[in-house]
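Undergrad: what shape does this take:
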Amino acid sequence: MEAPPEATAILVAAGAGQRMGGVPKAFIPLLGRPLIAYSLLALEQAPAIGAIVLVLPAEALARGRALVHELGLTKVAALCAGGATRRDSVRAGLQASPPSRWTLVHDGARPCLTADLIARGLEAVQSTGAAVAAVPLA
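TA: The predicted model follows:
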């Protein structure tokens, strides 16, 4: 039996895109890729992340599966439908998550996630029990 991953990342991107004319924000193109692809790739490449749970609107799950396949992602353990609120979507992601020591929750509308930010956030978690990773505003 395989040991549980050190950390699971829940990537929450289940917004309806109401301000974007009904297009799910996660799939809006940014430099030739869907917005969500940048966070997925950062999580995939982060050594401390053993599993990724992608939370999307129910109607975008097939599109999400296609993107995971297209990007060749191996750490995506589950895709699940989000809820009516962000809290409900995070809960759905937690319920779909494999067991792990730590859980990272990231907003899929924030594409500037880096391996360094992930590592620093997890370092802080290990010394304090909980942490919020942030970048100073310029």
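Undergrad: distance of A62 from L56?
TA: 10 Å (Cβ to Cβ, to the nearest Å). C-beta: built from backbone N, CA, C; applies to glycine.
Undergrad: more neighbours: which of those two?
TA: Using other Cβ atoms under 10 Å as the criterion, A62 and L56 rank with L56 on top: 27 against 11.
Undergrad: hang on, the more buried one packs against P24?
TA: Yes. With contact defined as Cβ atoms under 8 Å, L56 counts as touching P24 (7.1 Å).
Undergrad: who's in contact with stretch 130-138?
TA: Identification of contacts with stretch 130-138 by Cβ atoms under 8 Å, 6 or more residues apart in numbering yields 112, 117-118, 120-121, 124-125.
Undergrad: in its sheet, what does the lengthiest strand in the chain sit against?
TA: Identified as the longest strand of the chain according to DSSP state E is strand 49-56. With DSSP bridges as the test, strand 49-56 is paired with strand 7-12 (parallel), strand 76-81 (parallel).
Undergrad: and the helices in the chain?
TA: Counting by DSSP state H, the chain has helices at residues 35-45, 61-71, 86-96, 115-128.
Undergrad: before we move on, the earlier item: which PyMOL command selects the buried ones in the contacts of stretch 130-138?
TA: Buried subset of those, written as a PyMOL selection, criterion 16 or more other Cβ atoms under 10 Å:
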select buried, resi 117+118+121+125
